[in-house]
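Trainee: when you get a sec, could you give me coordinates for this:
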Amino acid sequence: FHRLRLFNPVTCTCNDDLHYLGLGHGKSMIHWLPPLLAQVYKGSYGKVVSYIDECIGIFSEVPFPGLLRFPDGISEHSPVSAKAVNQVMEYLPLALLYAFEKFPLPALKSTLYAIVGVYAMYNVVLSDLKVHEHTDETLAVLEVDVRDFQDGLLHVFRWISKVQLKTLKFHRLGHYCPQIRHHGSTDNTNTDRDEEHHGDGVKIPSYRSSKK
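Mentor: Numbering: from 1, shown residues only. Alright, predicted model coming up:
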């Protein structure tokens, strides 16, 4: 009853777009990158993944266990946070560019640029969402950027995602602008309270039991 009384449906469900983008799309895009590189580079993809891990390890301020282990958390009792995801995603476009220059595939150059592009668009959309006071002009820019990001996700990850991006978080991308028009900028609300209770009651017990 205490948790139900503290639950605020407006702040928890309406303006949680930054959380969705970080732990939703960002974590999935990190998880999908190794199998995507395996399709592109075939047997030599392990060298590419290791090089990207090395680059992100140099850039990142948070502990980075590597692309293959990152979705499972930093350690047994440390699930991946939105901050860690966003920091890794911030450096991934540059790390990918370095990797593709070191391991070039001239015949698939356009594919490699498309991969870099979709990771760069993630950061653009994230930056757009962090605007404190949106105007018609900034929302118009956000709509275009979200559309480009959706197109990039479909083009690059359609056959990597097990459900081919037919998910709530992908569908929700198209609702970012209408929600901001109706409820205001995402940083005008705070989901920490609801997330804290959800974490204590659901996420942490479930995470620990799954690691036994």
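Trainee: and L36, that's in a helix?
Mentor: Yes - counting by DSSP: H, G, I helix; E, B strand; the rest coil, L36 is part of a helix.
Trainee: surely it and I160 touch.
Mentor: Yes - in this structure, L36 is within contact of I160 by CB atoms under 8 Å, at 5.3 Å. For glycine as for every other residue, the C-beta is placed from the backbone atoms N, C-alpha and C.
Trainee: what helix or strand is Q87 located in?
Mentor: Assigned by DSSP states H and E, Q87 belongs to helix 82-102.
Trainee: in terms of secondary structure, what does that helix contact?
Mentor: helix 27-41, helix 45-59, helix 109-129 (3 or more CB pairs under 8 Å, 6 or more residues apart in numbering; DSSP states H and E).
Trainee: so which strand or helix has H182?
Mentor: helix 176-183.
Trainee: who are the neighbours in contact with G24?
Mentor: Each residue near G24 by CB atoms under 8 Å, 6 or more residues apart in numbering is listed here: K169.
Trainee: equivalent analysis for V118, please.
Mentor: 29, 149, 152-153, 155-157.
Trainee: pLDDT value on the residue nearest to the spatial centre of the chain, please?
Mentor: Central residue check for the chain by CA atoms, centre = their mean: the C-alpha nearest the mean position is that of G26, 0.9 Å away. As predicted, G26 sits at a pLDDT of 86.
Trainee: how many neighbours does the closest residue to it other than its chain neighbours have?
Mentor: Among residues not flanking G26 along the chain, V85 sits closest, at 4.1 Å (CB to CB, 6 or more residues apart in numbering). For V85, the count of nearby residues is 23 (other CB atoms under 10 Å).
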